[in-house]
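[1] need coordinates for the following:
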Amino acid sequence: QVQLVESGGGLVQAGGSLTLSCAASGSRFSINIMHWYRQTPGSQRELVATITPSGRTTYADSVNGRFTISRDNAKNTLSLQMNSLKPEDTAVYYCNADVWYNSSLTNYWGQGTQVTVSS
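    Just a heads-up that it's a prediction; the model follows:
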């Protein structure tokens with residue numbers, strides 16, 4: 001089994017910065033594409049950023065230029081550097097990954113971490 005655990009959420013003022021982290025644990029697994037999603041109450045989960053194993057990145061228009069996704073393949077970790085935060089960035093942020101485990105590609109979610117941006 002593979003687990004994804006996020007950390008780094010919290011309360012920050014508008015214009016501030018936060019860095020989210022996601023650590024994958026388990027045995028005999030290999031991570032493929034990784035994503036950050038976010039969700040607000042009553043809304044669908046929104047894709048924020050994606051990073052491939054080679055480091056290619058894509059971003060939602062709403063965060064492009066403010067957020068940076070990165071990964072450390074050796075440590076099986078994922079990060080999201082969030083700058084110039086806005087109140088509308090307030091959400092629960094989720095780590096998501098496609099993982100090769102037992103010869104199968106399976107999608108995993110973390111438990112989520114709350115980010116609150118005050119105006």
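[2] ranges for the strands of the chain?
    3-7, 10-13, 18-25, 29-39, 46-51, 57-59, 67-72, 77-82, 91-101, 104-109, 113-118 (DSSP state E).
[3] what's the average pLDDT for the third one?
    Across strand 18-25, the average pLDDT comes to 97.
[4] one more: the shortest one?
    Taken as a whole, strand 57-59 has a mean pLDDT of 98.
[5] list the helices and strands that strand packs on?
    Contacts defined by 3 or more CB pairs under 8 Å, 6 or more residues apart in numbering; DSSP states H and E place strand 57-59 against strand 46-51, strand 67-72. Where you see a C-beta, it was placed from the backbone N, CA and C, and this is true even at glycine.
[6] got those as JSON lines, with distance to residue 31 columns?
    Shown next, in JSON lines, are the helices and strands packed on strand 57-59 (distance: least, CB to CB, whole Å):
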{"stretch": "strand 46-51", "distance to residue 31": "10"}
{"stretch": "strand 67-72", "distance to residue 31": "8"}
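[7] can you redo the ones you listed as TSV with distance to residue 33, mean pLDDT and mean neighbour count?
    As requested, the helices and strands packed on strand 57-59 are arranged in TSV below (distance: least, CB to CB, whole Å; pLDDT from 0 to 100; neighbours: other CB atoms under 10 Å):
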stretch	distance to residue 33	mean pLDDT	mean neighbour count
strand 46-51	6	98	19
strand 67-72	10	98	18
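[8] nearest approach to residue 109 belongs to which of those strands?
    When these are compared for distance to residue 109 using CB to CB, the nearest one is strand 46-51, at 12.8 Å.
[9] bridged to the most centrally placed residue in the chain, which residues?
    Nearest residue to the geometric centre of the chain (CA atoms, centre = their mean): residue 36, 2.9 Å. In this entry, residue 36 is beta-bridged to residue 49, residue 95, by DSSP bridges.
[10] how near is it to residue 103?
    Separation of residue 36 from residue 103 (CB to CB, to the nearest Å): 27 Å.
[11] with residue 42 instead?
    Residue 42 is 39 Å from residue 103, by CB to CB.
[12] residue 88 too?
    In terms of CB to CB, residue 88 sits 42 Å off from residue 103.
[13] spit out the contact partners of the closest residue to residue 7 other than its chain neighbours.
    Closest residue to residue 7 apart from its sequence neighbours, by CB to CB, 6 or more residues apart in numbering: residue 21 at 5.1 Å. Counting by CB atoms under 8 Å, 6 or more residues apart in numbering, residue 21 makes contact with 6-8, 77-79.
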